[in-house]
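Asks: Okay, sequence plus prediction incoming.
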2 protein chains.
Amino acid sequence: MLIRVSTKTKSAATPDTRTRIVRAASSLMQRQGYDGTGIKQIAQEAQATLGSVYHFFPGGKQELAVAAIHHGDQEFFDVLRAALDHEDDPAQAITALCRTLADGLCASDWIDGCPITTTSLGTAGRAPDIQAAAAEAFARWRGLVHDKLRASGMSERDAHDLAHTVISTMEGAELAAQVSRSKEPLNIAGKHLARLIALHR
Amino acid sequence: MLIRVSTKTKSAATPDTRTRIVRAASSLMQRQGYDGTGIKQIAQEAQATLGSVYHFFPGGKQELAVAAIHHGDQEFFDVLRAALDHEDDPAQAITALCRTLADGLCASDWIDGCPITTTSLGTAGRAPDIQAAAAEAFARWRGLVHDKLRASGMSERDAHDLAHTVISTMEGAELAAQVSRSKEPLNIAGKHLARLIALHR
DNA sequence: CTCTGGATAGAGCGTTCGTTCTAGTTGATG
DNA sequence: CATCAACTAGAACGAACGCTCTATCCAGAG
């Protein structure tokens, strides 16, 4: 048995080939969806070759998509946790996060929405692995909100329900903002979510 | 100049070829997205041929997608208006609608979500026509909710903002429900939206 | 009847898709 | 130095893609 010594000693200069591939897949599928993104395009964007892609992901496009979803999951997980940790009041934290999301979406010229929605929706009935990964992402984000609400003294029942609506509304508002090319849906959603949270304490 | 006599005299038996094509395109793109749906597949599903598709839609796939979005727009517009007309109180109407959406989504085995989201998201940066059609759909739905809220005595400012959040939250909850294969997000969203509406009167 | 133009029908174009396969390169180990 | 596994490289395959093209069908006008 081999002891795997860290191969990413080059550190921040140029990431792992595998990492570059996952990042490229995640960002391309976020914009173009599963079917709209080709393996060759991913390889090119990642500065890798087809051989490398199939070396690291022998399961092909589906396995790569699952890895991309997990990557996007963790990406937003970190953003969400940072936002919740930064403010003491969950309501204010959510409002601030919505504003951040709106600014980020606008800065990308309304292209970079939720990192997993597009990929997940386009494969709804046919790729259970991808669906499961997306469902897990939603559950993890919801858990983060749930814990924050509980920590602020909210009842278990209210925290459970509100965590659902916070994620749903942020997701829908980001979608509406992207389609309408306007920050308004997200900013309004932030305001209303804060009121809804304040209402349950 | 010719006077166009109605060609759909067969009435409900078999719809127009053009109508069949649009319906097939709408339902297939709703499930599989823009890139995941082939023109030949649409033709087959519509019981039409490739020649007919390009006869009615010389603009090709993009023009067909725009027609499909408009079809889905009108589809949900009717559902939404019916729901709002059926109840006097807008809050109760929205709650009931969320329940209806959850049941419908479950009945389709979590496949038939929002009729325009998948198509719109998958073409985010590259097809302005499709984006515009989707944005128009969101605006029309929002307008319907706005008018209902105004009619129930709400201020213009509150009605405008709440209409945004109602559409955003329903959209996001449907998305979350589809991914999680659970009615919970939609049912909870219906409850919370009712509270939010009640809060602003 | 002929004529006409909207509608239907599908073979076939060039391209790109996901995937497979073989060959070459690299770097640590014995 | 030789060896071997990990990794890189890209040509090639069959299938499917969007779309073009010509041929045919057929109801109504003259």
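Replies: Right, received. Where do you want to start?

Asks: longest single helix anywhere in chain A?
Replies: The single longest helix within chain A, with elements called by DSSP state H, is helix A:60-86.

Asks: And it, what's buried?
Replies: The neighbour-count check on helix A:60-86 (16 or more other C-beta atoms under 10 Å in any protein chain shown) flags A:61-62, A:64-73, A:75-76, A:79-80, A:83-84 as buried. Where you see a C-beta, it was placed from the backbone N, CA and C, and this is true even at glycine.

Asks: tell me what it is packed against?
Replies: Helix A:60-86 makes packing contacts with helix A:17-32, helix A:39-45, helix A:90-107, helix A:117-122, helix A:128-151 when contacts are defined by 3 or more C-beta pairs under 8 Å, 6 or more residues apart in numbering or on different chains; DSSP states H and E.

Asks: Would the shortest one count as contacting chain B?
Replies: By that I understand helix A:117-122. Yes - using C-beta under 8 Å from any C-beta of the partner chain, helix A:117-122 reaches chain B at A:117, A:118, A:120, A:121, A:122.

Asks: Count residues in the vicinity of the third one, would you?
Replies: It stands for residue A:120. The local packing count at residue A:120 equals 29, with neighbours defined by other C-beta atoms under 10 Å in any protein chain shown.

Asks: nearest spatial neighbour of it, skipping sequence neighbours?
Replies: Using C-beta to C-beta, 6 or more residues apart in numbering or on different chains and skipping the chain neighbours, the partner closest in space to residue A:120 is residue A:134 (3.8 Å).

Asks: which residues sit in contact with that neighbour?
Replies: By C-beta atoms under 8 Å, 6 or more residues apart in numbering or on different chains, the contact list for residue A:134 reads A:69, A:116, A:119, A:120, B:179.

Asks: now residue A:94
Replies: Residue A:94 makes contact with A:83, A:145, A:166, A:170, A:190, A:193, A:194, A:197, according to C-beta under 8 Å, 6+ apart.

Asks: Check which helix or strand the last one maps to.
Replies: Secondary structure assigned from DSSP states H and E places residue A:197 in helix A:184-199.

Asks: ditto for the third one
Replies: Applying DSSP H and E as the criterion places residue A:166 in helix A:156-180.

Asks: what angle separates that helix from helix B:156-180?
Replies: Helix A:156-180 and helix B:156-180 meet at an angle of 100 degrees, taking axes from the mean of the first three to the mean of the last three C-alpha atoms, to 10 degrees as the criterion.

Asks: what helices or strands is helix A:156-180 leaning on?
Replies: Helix A:156-180 is packed against helix A:90-107, helix A:128-151, helix A:184-199, helix B:117-122, helix B:128-151, helix B:156-180, helix B:184-199, with contacts defined by 3+ C-beta pairs under 8 Å, 6+ apart.

Asks: Could you show which parts of chain A are in contact with DNA strand D?
Replies: By the rule C-beta under 7 Å from any atom of the strand, the part of chain A lying against DNA strand D is A:2, A:7, A:17, A:48, A:49, A:50, A:51, A:52, A:54, A:55, A:56.

Asks: Find the closest residue to chain B in chain A.
Replies: Using C-beta to the nearest C-beta, residue A:172 is the residue of chain A that sits closest to chain B, at 2.5 Å.

Asks: Would you confirm that that residue contacts residue B:170?
Replies: Yes - with contact defined as C-beta atoms under 8 Å, residue A:172 counts as touching residue B:170 (6.9 Å).

Asks: who's more crowded, those two?
Replies: residue A:172 (29 against 26).

Asks: measure the residue nearest to the residue of chain A closest to chain B when sequence neighbours are not counted to residue B:192 for me?
Replies: Leaving aside its sequence neighbours, residue A:172 sits nearest to residue B:172 (C-beta to C-beta, 6+ apart; 2.5 Å). Distance of residue B:172 to residue B:192, computed by C-beta to C-beta, to the nearest Å: 12 Å.

Asks: for residue A:140, same thing?
Replies: With distances taken as C-beta to C-beta, residue A:140 is found 21 Å from residue B:192.

Asks: Residue A:87 now?
Replies: Taken as C-beta to C-beta, the span from residue A:87 to residue B:192 is 21 Å.

Asks: ok, now residue A:108?
Replies: Going from residue A:108 to residue B:192 by C-beta to C-beta gives 29 Å.

Asks: can you check residue A:115 too?
Replies: 25 Å.

Asks: More neighbours: which of those two?
Replies: Shown here are residue A:115 and residue B:192; by other C-beta under 10 Å, residue B:192 has more neighbours (28 against 23).

Asks: Quick one: low-confidence residue ranges for chain A.
Replies: Counting by pLDDT under 70, chain A shows low-confidence ranges at A:1-13.

Asks: Please identify the helix or strand for the residue in chain A that DNA strand D sits nearest to.
Replies: Across chain A, the shortest distance to DNA strand D (C-beta to the nearest atom of the strand) belongs to residue A:51, at 2.1 Å. Using DSSP H and E, residue A:51 maps to helix A:50-56.

Asks: Quick check: buried residues in that helix?
Replies: Neighbour counts over helix A:50-56 (16+ other C-beta under 10 Å) mark A:52, A:53, A:54, A:56 as buried.

Asks: Leaving out sequence neighbours, find the closest residue to the second one.
Replies: Spelled out, that is residue A:53. Closest residue to residue A:53 in three dimensions, ignoring its sequence neighbours and counting by C-beta to C-beta, 6+ apart: residue A:43, at 5.2 Å.

Asks: How about the residues of chain A by DNA strand C?
Replies: So far as C-beta under 7 Å from any atom of the strand goes, chain A lies against DNA strand C at A:5, A:37-41, A:50-51, A:54, A:58, A:60-62.

Asks: right, and out of the residues you listed, which lies closest to residue B:186?
Replies: For the residues of chain A next to DNA strand C, the minimum distance to residue B:186 (C-beta to C-beta) is 28.1 Å, reached by residue A:62.

Asks: who's in contact with the residue nearest to residue A:172?
Replies: By C-beta under 8 Å, 6+ apart, residue B:172 lies in contact with A:167, A:168, A:169, A:170, A:171, A:172, A:173, A:175, B:185, B:189.
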